[in-house]
Every structure is written in structure tokens, then in C-alpha cells.
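**Q** Output the structure for:
(4 chains)
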There are 2 protein chains.
Amino acid sequence: MPATRTHLTRDLKRREIVDSAEELFLADGYEKTSMAAVARGAGVASNAIYWYFPGKDDLLAAVLERRLEQAIAALPDPSEASMEEQVLAVLAQLDQVARLTAAVHERSRQSEAVASVHESFHGQIDGLLRRAFRDRGLDEAESAIASEATMALVEGVHLHDQKRDTAARDRLVLWTIGRIVDGSPA
Amino acid sequence: MPATRTHLTRDLKRREIVDSAEELFLADGYEKTSMAAVARGAGVASNAIYWYFPGKDDLLAAVLERRLEQAIAALPDPSEASMEEQVLAVLAQLDQVARLTAAVHERSRQSEAVASVHESFHGQIDGLLRRAFRDRGLDEAESAIASEATMALVEGVHLHDQKRDTAARDRLVLWTIGRIVDGSPA
DNA sequence: GCTACTCTTGAATAGTAATCAAGAGATTTC
DNA sequence: GAAATCTCTTGATTACTATTCAAGAGTAGC
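**A** Prediction:
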């Protein structure tokens, strides 16, 4: 095979595997999803996955990485949107992967790949939030703390996604950052 | 065996198994700990555990339940301690089981026993926090939201316990609830 | 001593992620 | 055009897991 076409088909197959993994991880959870099921969904043999990904954790990392790119792209322009709009956009993106919150943190301990994507996610959102808090009058140090607190709040909220609706989730987060910004309800 | 002595030795053995499980879960994590290792630590055969506990999740639930009792008992008297002291006490207790935060939420989805203990934990801390926020001037509705937000914040903070020291953790949470209470740094 | 009950155990089952050796398929190279 | 090479696939296998099962100790009441 010539290099170009190889890479094309390789990327295509890779994408199909990630598609299958994403669908199953979100529907059934990370632990409950077997590599065999992912392979079945992608139309390949169970062990064929290991030619594309070193292991299951790396497959999770690939799913997260793609989601992260899409999420960042879907966020509103920071210079035009209000902090509330930005935070709501982040929440909306995270809602879709809420199911994986616990698994991501559990696997980050073992897998460098998962930890790396997760850290990258934190870094990008942290930058966004810090600027937003600074625009709202907090100083540099306060903004750093406020951003960290907001991230923890959002992740904590997503740990319990069973019954809670997204509207209640939004209200809770907005109320809290409203308090952080000026001590009065938003 | 007479009923009394049976129950005595049964409880003793049960406790030894929970001891072993607690030690290993906290040291190596829930997923990485095998039932065989727990059994070895307790000095029984691998399968003997199943006479005392229906499964691994129930073992986790038992560990959590005991920890919860100890934690509640170790908290200061709500009528004497300040809200800050109470929150710090809760944080100190949770620090010891931070390693299990992700696992608890992941397993709560599958195991009724784990979900039940976790819910009980939330209920008790929620009551505590609500009263504390009310004492600080928030009304009933605000206190409910503030309590929920604080719980999410605390759990979110514990998801990332790798490098962070407890002092930084304490500062972050105290700063945030200070903001929630009156909009100025605590 | 018999019986019933509580508990233990070794062996077995079904499932998992991951590995390995053997081999297709297509393409470049000679 | 044949051979060699690289990319990919696959069936069988390994080592590990939680859990189950059938059979058997140990002890206490009768």
C-alpha cells in the first residue's frame, strides 16, 4: 500500500472503532463495555483493536480527546459571550459525557493517556474561566481560586447525573458562580 | 453453635474481612484490589468471603458504612462549632477515603448497597450544611442550594487528590463557602 | 451418637483484557 | 511479472477476574 492510502484507511478504521467505543461507553459505561463489544460495533475482530490502540484506556483517551476538540469548537467566542453563557456552554458539553466522569478519574490514576487528556481539558477550561472571572472584577489570585472551585463544582455535580435534569444542574452552577462573583444571587 | 457465640465469631470474622478490604481498597484502589487479596489479608479462603458478603460491591458498601459511622461520630457538635470548623471536619474525614470517590460513584450505578450508603452520607452531610448556612443568614431555599453546591464542590475537589495537599484543599473550600455566605473572602 | 446448622474449602465456570504466531492483501521493487 | 515488504487480520491462547458449586468439617442441641 502507498503511504497516503494506508493512512487514509487506517484513520477511517480508527474512527469507526472510536465511534463504536464512544457509543458503548456512553450507553453502558466504561467498565461494562468489553473490547469484544467495541470490536463488534466497529465490524472487526476483538484483537484487531490492539493494532490501533495499545489498550482499553487508550481507547477511552481517544474518545475523550475527540469529544474535547468538538466541545472546544462548540464554545461561544469568549470576547462576545457573557461568563454565564460560557459556563452554560461548558456544562452542556460535559452533560454528554457525564456518564464517564467517574471512570475518567479512576483510570487517570493508571493510564498516562487518560490523565493527559483530562489534564488538557482542565487547562483549557481553566484559562477560559480565569479570564471570565477577571472580567467580572476578581483579581488574578481570586480568579485562579474561583476557576478551580468552579471546575470542582462542575465535576462534582456531574458525578450525580442519575436523576437530575440539566436545568437544575445549570441553576445550581449559575447560582454558585453568581455568589462567587459578587455575593448576590445571579 | 449457640446463636450468641455464632453471632460473635461471625461478627469478628466479618470485621476482619472489612479491615482487610478497607486497607487494600485505600492503598491500591477498588478496581485493582482482588477478592483473593482481601481474603488473604483476612486469613480466609477466597470464596469464604461470599458467605459473609454477597459480592465485591457489598464489601465496598460495608467499608463505607463503617467509615461513615466513624466520620459522623468524629464531627464536632453542630451547636458549638462554627460552620468553618464543621466543614473542615467533614473534609478531614473525606480526605481519608478520597481515593475511593470515583469508585463509589462508578459502583453506585450498579450496586444498590453502595448507592444506599452513599445516599445516606449525602443526606447526613446535607442536613448539617443546611443548618450551618441558615445560621449564617441564608434562607431555606438558598441554604438548600448552597448545601448541594458545597457537597458537589467537596466531591469534585476529592476527585483530584493526586498531588494536592489537604491545606490547599481546605483553603479552596473555605474560600468558596465564604463567598457563598456573604460574597467576601473568608 | 444423631442431626441440624454454620462455616470452609478445592475445584470449576464464565467472563475479561491482552498476547502471540500464523497468515492474507496490496504494493513497491527489482 | 515474481519476489519481497509492509500493513493488517484472525483464531487460539494466556493469565486474571468475580462468582458458584458440591462436598465436607466443626460444633451444638437433642
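**Q** Off-centre distance for the helix or strand bottoming out on mean pLDDT in chain A?
**A** Across the helices and strands of chain A, mean pLDDT, DSSP states H and E gives its lowest value to helix A:3-28, namely a mean of 82. The chain centroid and the centroid of helix A:3-28 are separated by 18 Å under CA atoms, centre = their mean, to the nearest Å.
**Q** Sort out which residues of that helix are buried, please.
**A** A:13-14, A:17-18, A:20-22, A:24-26 (16 or more other CB atoms under 10 Å in any protein chain shown). Where C-beta positions appear, they are placed from N, C-alpha and C, glycine not excepted.
**Q** which parts of chain A sit against chain B?
**A** A:29, A:31-32, A:101-103, A:105-106, A:109-110, A:142, A:145-146, A:148-149, A:151-157, A:159-160, A:162, A:171-173, A:175-176, A:179-180, A:182-185 (CB under 8 Å from any CB of the partner chain).
**Q** that older thread, from the buried residues of helix A:3-28, which are also near DNA strand D?
**A** residue A:13 (CB under 7 Å from any atom of the strand).
**Q** Excluding residues flanking it in the chain, which one is nearest residue A:124?
**A** Nearest residue to residue A:124, sequence neighbours excluded (CB to CB, 6 or more residues apart in numbering or on different chains): residue A:72, at 6.1 Å.
**Q** Let me know the pLDDT of the one you found.
**A** On pLDDT, residue A:72 comes in at 93.
**Q** For it, what are phi and psi?
**A** phi -60, psi -40 (degrees, to the nearest 10).
**Q** SS state for residue A:180?
**A** Three-state call for residue A:180 (DSSP: H, G, I helix; E, B strand; the rest coil): helix.
**Q** Can you tell me how far it is from residue B:182?
**A** Distance of residue A:180 to residue B:182, computed by CB to CB, to the nearest Å: 12 Å.
**Q** go on, residue A:136?
**A** The spacing between residue A:136 and residue B:182, counted by CB to CB, is 17 Å.
**Q** These two - which one has more neighbours?
**A** Between residue A:136 and residue B:182, residue A:136 has the larger neighbour count (other CB atoms under 10 Å in any protein chain shown), namely 17 against 13.
**Q** quick one: contacts for the more buried one?
**A** Shown in contact with residue A:136 (CB atoms under 8 Å, 6 or more residues apart in numbering or on different chains): A:83, A:181-182.
**Q** of all the residues you listed, which comes closest to DNA strand C?
**A** Distance to DNA strand C, by CB to the nearest atom of the strand, is smallest for residue A:83 among the contacts of residue A:136, at 40.4 Å.
**Q** Got the phi and psi for the closest one?
**A** Per degrees, to the nearest 10, the backbone of residue A:83 is at phi -60, psi -40.
**Q** number of nearby residues for it?
**A** Neighbours of residue A:83 under the rule other CB under 10 Å: 21.
**Q** go on, residue A:97?
**A** A count of nearby residues for residue A:97, using other CB under 10 Å, gives 21.
**Q** before we move on, what about residue A:89?
**A** Around residue A:89 sit 16 other residues, with neighbours defined as other CB under 10 Å.
**Q** Sticking with it, tell me its helix or strand.
**A** Taking DSSP states H and E as the definition, one finds residue A:89 inside helix A:83-95.
**Q** buried ones in stretch A:34-50?
**A** By neighbour count on 16+ other CB under 10 Å, the buried set for stretch A:34-50 is A:35, A:38-39, A:41-42, A:44, A:49.
**Q** List, out of those, those positioned next to DNA strand D.
**A** The subset of the buried residues of stretch A:34-50 within reach of DNA strand D, by CB under 7 Å from any atom of the strand, is residue A:44.
**Q** Out of the buried residues of stretch A:34-50, list just those in helices.
**A** The members of the buried residues of stretch A:34-50 that map onto helices under DSSP state H are A:35, A:38-39, A:41-42, A:49.
**Q** And residue A:30, its phi and psi?
**A** Backbone torsions for residue A:30, taken as degrees, to the nearest 10, come to phi -70, psi -50.
**Q** before we move on, what about the one 4 residues further on?
**A** Taking degrees, to the nearest 10, you get phi -90, psi 150 for the backbone angles of residue A:34.
**Q** Apart from its neighbours in sequence, what residue is nearest residue A:56?
**A** Closest to residue A:56 by CB to CB, 6+ apart is residue A:35, at 5.9 Å.
**Q** Next: residue A:17.
**A** Take residue A:17 and drop its neighbours on the chain: the residue closest to it by CB to CB, 6+ apart is residue A:42, 4.5 Å away.
**Q** Surely that neighbour touches residue A:16?
**A** Yes. If you go by CB atoms under 8 Å, residue A:42 and residue A:16 touch, sitting 4.6 Å apart.
**Q** Give me every residue in chain A that's in contact range of DNA strand D.
**A** Listed as neighbours of DNA strand D in chain A under the rule CB under 7 Å from any atom of the strand: A:1, A:6, A:9-10, A:13, A:44-48, A:51-52.
**Q** does DNA strand C sit close to stretch A:92-104?
**A** No. Stretch A:92-104 is not in contact with DNA strand C by CB under 7 Å from any atom of the strand; minimum separation 12.2 Å.
**Q** Look at that stretch and report the distance between its end residues.
**A** For stretch A:92-104, the first-to-last residue distance is 18 Å (CA to CA, to the nearest Å).
**Q** any idea how far residue A:56 is from the closest residue in space to residue A:48 that isn't next to it in sequence?
**A** With CB to CB, 6+ apart as the criterion, residue A:48 has its nearest non-adjacent residue at 6.4 Å, and that residue is residue A:39. Distance of residue A:39 to residue A:56, given as CB to CB: 11 Å.
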